[in-house]
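Participant: sequence first, predicted coordinates after that:
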Amino acid sequence: MFTGQPMPQGANAHNVSSKELAYISDCLKNEELIAKLAAEGAANSSSPQLKQKLAQIARDRLSGAERLLHTLQQQTRTMH
């Protein structure tokens, strides 16, 4: 969406292209996979420190993905 040039007057800065949505979708899937792998590692770890760190990574990844989804949902509502 960023072209390096100013947006024309009256253009909607909230429009997201299908290519951008596909990229965001891929990113969210990757974040979910990382969170699942970290949670699995935490469940299988015998080290309390590693278990704690992996659990924190899983929470952080899911939290970031949830924030992005929430923001996208808000933007979608304002566009309609």
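Facilitator: Looks like it arrived, so ask away.

Participant: any idea which helix or strand carries Ala39?
Facilitator: Assigned by DSSP states H and E, Ala39 belongs to helix 18-44.

Participant: which SSE is immediately downstream of that helix?
Facilitator: Remark: after helix 18-44, the chain's next helix or strand is helix 48-79, criterion DSSP H and E.

Participant: would you mark the buried spots in the helix holding Ala39?
Facilitator: Within helix 18-44, the residues that count as buried by 16 or more other CB atoms under 10 Å are Leu28, Glu31, Ile34, Ala35, Ala38, Ala39, Gly41, Ala42. C-beta coordinates here come from the backbone N, C-alpha and C atoms, glycine included.

Participant: kindly provide the distance from the second one to Gln49.
Facilitator: Taken as CB to CB, to the nearest Å, the spacing of Glu31 relative to Gln49 amounts to 24 Å.

Participant: quick one on the thing from earlier: next, the angle from the helix holding Ala39 to helix 48-79.
Facilitator: 150 degrees (axes from the mean of the first three to the mean of the last three CA atoms, to 10 degrees).

Participant: start at 13, not 1
Facilitator: OK, 13 is where the count begins now, so the last one is helix 30-56.

Participant: check contacts around the most centrally placed residue in the chain.
Facilitator: Centroid-nearest residue in the chain, with CA atoms, centre = their mean: Ala77, separated by 3.3 Å. Ala77 sits next to Leu40, Glu43, Glu44, Ala47 when contact means CB atoms under 8 Å, 6 or more residues apart in numbering.

Participant: which ones are touching the third one?
Facilitator: Spelled out, it's Glu44. Contact analysis of Glu44 by CB under 8 Å, 6+ apart lists Arg73, Leu74, Ala77.

Participant: quick check, nearest of those residues to Glu32?
Facilitator: The nearest member of the contacts of Glu44 to Glu32, counting by CB to CB, is Ala77 at 16.4 Å.

Participant: helix, strand or coil: sort out Asn27 for me.
Facilitator: Recorded secondary structure, Asn27: coil (DSSP: H, G, I helix; E, B strand; the rest coil).

Participant: if anything else comes up later, I'll come back, but that's it for now.
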